[in-house]
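Visitor: Got a sequence here, can you build the structure:
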Amino acid sequence: MNYLKKFKLCFVTIFTIIGTTFAFEHHDSHVNFLEYNKNIIQDKKNLKKPYFLLFAAEWCHWCEIFAEKTLTKKKIYSYLNENFINIFIDADIHSTAYKKFKANGVPYTVFLNPDSSVYYKYSGALYEEPFFEVIEGVVQNIKKGMNVDGEEVIPFEYVPPKKLEISSLDEMKKTFINGLLDNLDWKEFGLGKREKTILPKTFQYFLKSSNNNDNENAALWISKTLSKAIENIYDPIEGGFFRFAETRDWDIPHYEKMADLNAGIVLLLYKMDQLKPNKSFKNAAAKTTAYLSETLYDNKIGSFLSFQEADNYYYFFNEKNRKKQKIPPVIKNIYITNLAVTLNYLLDLIDYTNDQNLKNKIISSIDFLSEMISKNERPSHYYNTKNKIWLGKGDLQDYALLAKLFHKSGKKFNKKKYHQIASKIVQISILEFYNKKKGIFVDPELDENDYEYLMGINSIFASIFLENQNYLKDKKELSIKSIIAYFSGLNELLEDRFWDGKDWYYLENYALFLSTSEKFLQTQKNL
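Guide: Residues are numbered from 1 along each chain as shown. Modelled structure (predicted):
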């Protein structure tokens, strides 16, 4: 059995419970990590060594464990320093790189061949011996010119349709709904038979789009899934949902609390409570809203924050004993993507609650972002609260979500200023990211074949244009129909995704696309 086949069988996610946590940093690591920049991989090709890329995040508990339990071992760091070019990548700060390598979690490891092509990648943390077996095998195989396990990797080839066929959209919707129905877990609830989480956009679209025969089942399944989430990945003491659970039965939560996910879950809870009244839904929604409004809000800055770190130790205590413990720190950096998604959900939440305090904090956060755009001319990627400065160049996702936020805010609060900012961001986006030849928005720093990511981003822009054609004045080369047509042939990829039965987060992009496509078709009928 070769090392990677053995690795797949003995893969270990480290569940060790420790009493103290620390922000995952690499500067003091025994591994000689290089700081990531977009040119570093090409700049080091002359060394003719394989690359070890480690994606991590400040809020990631398992990144800390991997650093403490594995990377501190002499056997590990000595081998890495001798045989690899080691590059540390903050997944939040360098989100473009995270998307480029199609990472799906942290810690996330990517091994590159000396020519910088991808050799192997995986998500999760390993103990010393399994990890050493992996890195030793990588070096040995690369020296022999061998691939991972002799299997040929056939990339997905996609030829975008030249014109929009309504039947293609119908087929994709059918695949989406049937794929969900086939993967509903009616024993433990949630989706699939592996890790469990809540997918707000997917669940909302599933509920809205199921036919009469399946709608009741969809509502029941979502209701049961939310109840399961409240039982297992919800913090009843301080409020807020944890990121996901490791197992089918919702055991072993990943204890990070993400502002955007929690805002999406709260909105889903209120929507479901209207369909199937449930006191626990209302209570969890109210307490999580309070958590967002208090713990994940910085009064000095006047904005919602992004994450609260995980801590397995802390969340095992009851309310009385938690007061004796150190509260898991809230990450102070504010990331555009996370904040924009959070606020877009919270804008809809206003319709379900009369919380004026929450409304004021939403407006304050929007104004915080509008000030950044006014001062910097171009959106930045994140705000460093310690130094009180905006840093990083905004990427395509930042632009799309900000455009959606200010467009939506302008409608919600009837503010001309917000509409003007939305228009400004859209015009810059068209100038910097719109590819006339393809007829879609692309990020030049990313793989243009990352179709699902681009589908989600382009769906956001298309939905904005559908609601306000003024954004496209004098932009006759940009067609909403062309955007929809470009991604309408991805049904085969969607079928493959359901066949794999994992990494369900990609469904959020399909839900966005299908929802936008249906809005587009409706506008065509009304013309």
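Visitor: And Pro329, what's its pLDDT?
Guide: pLDDT, Pro329: 93.
Visitor: Quick one: residues in contact with stretch 78-91.
Guide: 26, 29-36, 40-41, 44, 47, 49-58, 71, 97-98, 103, 106, 108, 132, 135-136, 139 (C-beta atoms under 8 Å, 6 or more residues apart in numbering). Bear in mind the C-beta positions are built from the backbone N, C-alpha and C, glycine included.
Visitor: would you list every one of the helices in the stretch 301-450 of the chain?
Guide: 319-322, 336-349, 356-376, 396-413, 416-433 (DSSP state H, counting those that start in this stretch).
Visitor: I'd like these as CSV, with distance to Lys476 and mean neighbour count appended.
Guide: Shown next, in CSV, are those (distance: least, C-beta to C-beta, whole Å; neighbours: other C-beta atoms under 10 Å):
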stretch, distance to Lys476, mean neighbour count
helix 319-322, 59, 10
helix 336-349, 28, 24
helix 356-376, 26, 17
helix 396-413, 19, 23
helix 416-433, 12, 18
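Visitor: nearest to Met172, of the ones you listed?
Guide: With C-beta to C-beta, the closest approach to Met172 among the helices of the stretch 301-450 of the chain belongs to helix 396-413: 21.0 Å.
Visitor: Between helix 356-376 and that closest one, find me the angle.
Guide: Angle, helix 396-413 to helix 356-376, by axes from the mean of the first three to the mean of the last three C-alpha atoms, to 10 degrees: 130 degrees.
Visitor: Render the CA-only coordinates of helix 396-413 in CSV, please.
Guide: Provided in CSV are the C-alpha atoms of helix 396-413 (Å, rounded to 0.1, in the frame of the first residue of the first chain):
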residue,chain,number,x,y,z
LEU,A,396,-13.7,40.4,-7.4
GLN,A,397,-15.7,38.9,-4.6
ASP,A,398,-15.3,42.0,-2.4
TYR,A,399,-16.5,44.2,-5.2
ALA,A,400,-19.5,42.0,-6.0
LEU,A,401,-20.7,41.8,-2.4
LEU,A,402,-20.2,45.5,-1.7
ALA,A,403,-22.1,46.4,-4.8
LYS,A,404,-25.0,44.1,-3.7
LEU,A,405,-24.8,45.6,-0.2
PHE,A,406,-25.0,49.2,-1.2
HIS,A,407,-27.7,48.5,-3.9
LYS,A,408,-29.8,46.7,-1.3
SER,A,409,-29.2,49.3,1.4
GLY,A,410,-30.2,52.1,-1.0
LYS,A,411,-33.5,50.3,-1.6
LYS,A,412,-34.1,49.4,2.0
PHE,A,413,-33.4,52.9,3.4
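Visitor: how many degrees apart are that helix and helix 336-349 in direction?
Guide: Counting by the same axes, to 10 degrees, helix 396-413 lies at 20 degrees to helix 336-349.
Visitor: what distance separates helix 396-413 from the centre of its chain?
Guide: In terms of C-alpha atoms, centre = their mean, to the nearest Å, the gap separating the centre of helix 396-413 from the centre of its chain is 18 Å.
Visitor: what's the angle between that helix and helix 416-433?
Guide: Going by the same axes, to 10 degrees, helix 396-413 makes 160 degrees with helix 416-433.
Visitor: what helices or strands is helix 396-413 leaning on?
Guide: The contact analysis (3 or more C-beta pairs under 8 Å, 6 or more residues apart in numbering; DSSP states H and E) places helix 396-413 against helix 336-349, helix 356-376, helix 416-433, helix 451-467.
Visitor: returning to what we had before: mind checking which of the contacts of stretch 78-91 land in strands?
Guide: Judged by DSSP state E, the contacts of stretch 78-91 include Leu34, Glu35, Tyr51, Phe52, Leu53, Leu54, Phe55, Ala56, Tyr108 as members of strands.
Visitor: Any chance of those in TSV with pLDDT as columns?
Guide: Converted to TSV, the ones in strands among the contacts of stretch 78-91 look like this (pLDDT from 0 to 100):
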residue	pLDDT
Leu34	93
Glu35	89
Tyr51	95
Phe52	96
Leu53	95
Leu54	95
Phe55	94
Ala56	93
Tyr108	93
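Visitor: Buried members of the residues you listed into ChimeraX, please.
Guide: Only the buried entries of the ones in strands among the contacts of stretch 78-91 go into this ChimeraX selection, using 16 or more other C-beta atoms under 10 Å:
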select :34,51,52,53,54,55,56,108
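Visitor: For Phe244, state which of the ones in strands among the contacts of stretch 78-91 is nearest.
Guide: Ranked by distance to Phe244 (C-beta to C-beta), the ones in strands among the contacts of stretch 78-91 are led by Tyr108 at 14.9 Å.
Visitor: Skipping adjacent residues, who's closest to that closest one in space?
Guide: Take Tyr108 and drop its neighbours on the chain: the residue closest to it by C-beta to C-beta, 6 or more residues apart in numbering is Phe55, 4.0 Å away.
Visitor: so that neighbour makes contact with Tyr98?
Guide: Yes - look at Phe55 against Tyr98 with C-beta atoms under 8 Å: they come within range, at 6.0 Å.
Visitor: ok so, going back, reformat the helices and strands packed on helix 396-413 into TSV and put mean pLDDT next to each item.
Guide: Below are these laid out as TSV (pLDDT from 0 to 100):
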stretch	mean pLDDT
helix 336-349	97
helix 356-376	95
helix 416-433	95
helix 451-467	96
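Visitor: Adding distance to Lys326, write those out as a markdown table.
Guide: Output for the helices and strands packed on helix 396-413, formatted as a markdown table (distance: least, C-beta to C-beta, whole Å):
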| stretch | distance to Lys326 |
| --- | --- |
| helix 336-349 | 24 |
| helix 356-376 | 26 |
| helix 416-433 | 40 |
| helix 451-467 | 37 |
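Visitor: Identify whichever of these lies nearest to Tyr77.
Guide: Relative to Tyr77, the nearest member of the helices and strands packed on helix 396-413 by C-beta to C-beta is helix 336-349, separated by 32.0 Å.
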